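1. fold the following.
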Amino acid sequence: MNKSQPIFIGIDIGTQGIRTIAIGYNGTIYAASTVTFNLAKGNELRMEQSPFMWWKHTAESIRHVANSLKEQKILNQVVSLSVTSTSGTVIPLDKQYEPLYNALMYSDSRSASEAALCREAAFAAGHYTAFSSSYGLPKIVWFHKHFPQIAKDVCLWAHPTDYIIGKLTGQWGITDYTSAFKSGYDLNNEKWPEYIEKTLKIPVKSLPIVLPSGTFAGKVSKECMEETGLPENVSVTLGLTDGCASQFASGSLSPGNWNTTIGTTLVIKGITYEPIIDEKGILYNHRHPDGYWMPGGASNTGGDWISIDYSKDELAYLNSKAYEYFPSRWISYPLRQKGERFPFVFPDIQGFDEPGLTKEQLFISRLEGVAYLERMAYEMIEKLSSEKVKAVFTAGGGSSSDVWLTIRSNVLKKPIIKMKHSDGAIGAAIVAAASYFGSIQEAGENMLKREKEVMFEEHISEQYEEGYERFIQALKKRGVVL
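-> Have a look, this model is predicted:
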């Protein structure tokens, strides 16, 4: 390795642990570390987590990576680092920037009624932000209501990335566009809207300054160097939420390129020149660091049915058999809970399968059902926007199935591209490298490596047209208005 070649570090603070990766300018991974949280039993809802725990394990994870780089004699080539974490999680900090209370996690549903208040206040002020209990602002309102004595001492509401960046640099009171969005920040006018203080009674002075992801936040402090083993003069840049980090890591970097991540749910994010206005609030828009927009939405349907219904051995067999069946004539909608939120909102919808199917037939019909839902989403997006979807970059556990990639490409009539590495820590490293390369797009194009590209075939795509129409009619028959 050329000794002048830079290394960038990405840190992902997830729900269950920390992932840290050191990656070179050309995509070579030089070191990685995963530290898992020891979460107490009975905390399945993960409503709250300790920021002290986050920092302890983050420092541990960074030290593992730093020690590995030191052994390779390349530690001093680390140029910068950045952080990604969950969207909608918030932490109340005091005047010394110490946590006054646990972090209120995105998965904490106790603020459902406060979310309704936030929606009413936002819509009355002309903002189409469809707040839910997974958003940060409702949690802040909830905390002020239930813990008023603690809330009066809150100096700063921070997001997970802000907190870790503060611990790394000693710089506090700043956040990035993507983290601030679910706390109510107005990305169009780049300010905290008046209704937050006037209607919801949350002091705006307790909310951070908002800047683009990748903005220089400071150098790693001497105290942090001692705790983590990082060298001198490592820059820290403002981070981003986990969904946006995964989007960048998937290869969706420039306008027209979109990302579908199929994990427990199906999440779609893209890059456009202009925001997509959706008055129903089904789609929301993040702000891209390079000045573009990042619309997206998340379904309640995804790949959760796979891990619930099938063992690993069964999946290997079913994936191989699926090639014999597609395109199939069967229709499934594998929703495992009641209610859908994207690409349509229908609180009473439930999943369905055709009766009498064999295990193999049921499996293929469900793969196709998710692909049909994905197509519905992209058709909705193109209907609301004048900008076309050029290609779909894919990530998540669902992307490990080659037959599913083939089905999806043919249903969508679009190429599907998969990167070799697409986890959130890689996305954070790309953001850390943006100033070195000049932009997020250049950083990603240099650092990411393609694993495969699947191209649809016209004769197969045409066969899927009938199945897609039957899927639409099946939803309409159940009362869904499209």
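
2. how about stretch 471-479: buried residues?
-> 471-472, 474-475 (16 or more other Cβ atoms under 10 Å). All C-beta spots, glycine's among them, are computed from the backbone N, C-alpha and C.

3. now stretch 211-218
-> Quick answer for stretch 211-218 (16+ other Cβ under 10 Å): 211-215, 217-218.

4. quick one on the thing from earlier: can you list the buried residues of stretch 471-479 in TSV and add distance to residue 29 and pLDDT?
-> TSV is the format used below for those (distance: Cβ to Cβ, whole Å; pLDDT from 0 to 100):
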residue	distance to residue 29	pLDDT
471	40	96
472	43	96
474	44	95
475	43	95
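
5. which of those lies closest to residue 282?
-> Of all the buried residues of stretch 471-479, residue 282 sits closest to residue 475, with 15.0 Å by Cβ to Cβ.

6. quick revisit: ok, of the buried residues of stretch 471-479, which one's closest to residue 246?
-> Of the buried residues of stretch 471-479, the one sitting nearest to residue 246 (Cβ to Cβ) turns out to be residue 471, at 26.8 Å.

7. can you map out the strands along the stretch 351-482 of the chain?
-> 391-395, 416-419, 450-454 (DSSP state E, counting those that start in this stretch).

8. so which of those is nearest residue 76?
-> The closest of the strands of the stretch 351-482 of the chain to residue 76 is strand 416-419. By Cβ to Cβ, the value is 28.4 Å.

9. pLDDT (mean, whole number) over the closest one?
-> Over the span of strand 416-419, the pLDDT mean works out to 95.

10. would you mind listing where this structure has pLDDT under the threshold?
-> Under the criterion pLDDT under 70, the flagged ranges of the chain are 1-3, 40-46.

11. domain map for it?
-> 7-242, 252-421+449-477 (automatic domain parsing).

12. out of these, nearest to residue 429?
-> Using Cβ to Cβ, the domains of the chain put domain 7-242 closest to residue 429, at 3.2 Å.

13. next, the distance between the ends of the closest one.
-> 21 Å (Cα to Cα, to the nearest Å).

14. do stretch 302-321 as well
-> 21 Å.

15. with respect to burial, which of the strands of the stretch 351-482 of the chain scores highest?
-> strand 391-395 (a mean of 24; mean count of other Cβ atoms under 10 Å).

16. check which helices and strands that one sits against.
-> Strand 391-395 is packed against helix 242-250, strand 257-262, helix 402-412, strand 416-419, with contacts defined by 3 or more Cβ pairs under 8 Å, 6 or more residues apart in numbering; DSSP states H and E.

17. just to revisit the earlier point, for the domains of the chain, which one sits closest to residue 428?
-> domain 7-242 (3.3 Å).

18. could the helices and strands packed on strand 391-395 go into JSON lines alongside distance to residue 442?
-> Shown next, in JSON lines, are the helices and strands packed on strand 391-395 (distance: least, Cβ to Cβ, whole Å):
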{"stretch": "helix 242-250", "distance to residue 442": "12"}
{"stretch": "strand 257-262", "distance to residue 442": "14"}
{"stretch": "helix 402-412", "distance to residue 442": "27"}
{"stretch": "strand 416-419", "distance to residue 442": "16"}
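
19. for the stretch 1-150 of the chain, just list every one of the strands.
-> Taking DSSP E, counting those that start in this stretch as the criterion, the stretch 1-150 of the chain carries its strands at 7-13, 17-24, 29-36, 48-49, 78-85, 91-93, 103-104.

20. how about these in CSV, adding mean neighbour count?
-> Formatted as CSV, those follow (neighbours: other Cβ atoms under 10 Å):
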stretch, mean neighbour count
strand 7-13, 29
strand 17-24, 24
strand 29-36, 18
strand 48-49, 20
strand 78-85, 28
strand 91-93, 25
strand 103-104, 26
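
21. how about those, which one is nearest residue 131?
-> The nearest among these, by Cβ to Cβ, is strand 103-104 at 14.2 Å.

22. what packs against the closest one?
-> strand 48-49, helix 136-146.

23. could the strands of the stretch 1-150 of the chain go into JSON lines alongside distance to residue 260?
-> JSON lines is the format used below for the strands of the stretch 1-150 of the chain (distance: least, Cβ to Cβ, whole Å):
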{"stretch": "strand 7-13", "distance to residue 260": "20"}
{"stretch": "strand 17-24", "distance to residue 260": "21"}
{"stretch": "strand 29-36", "distance to residue 260": "24"}
{"stretch": "strand 48-49", "distance to residue 260": "28"}
{"stretch": "strand 78-85", "distance to residue 260": "19"}
{"stretch": "strand 91-93", "distance to residue 260": "31"}
{"stretch": "strand 103-104", "distance to residue 260": "29"}
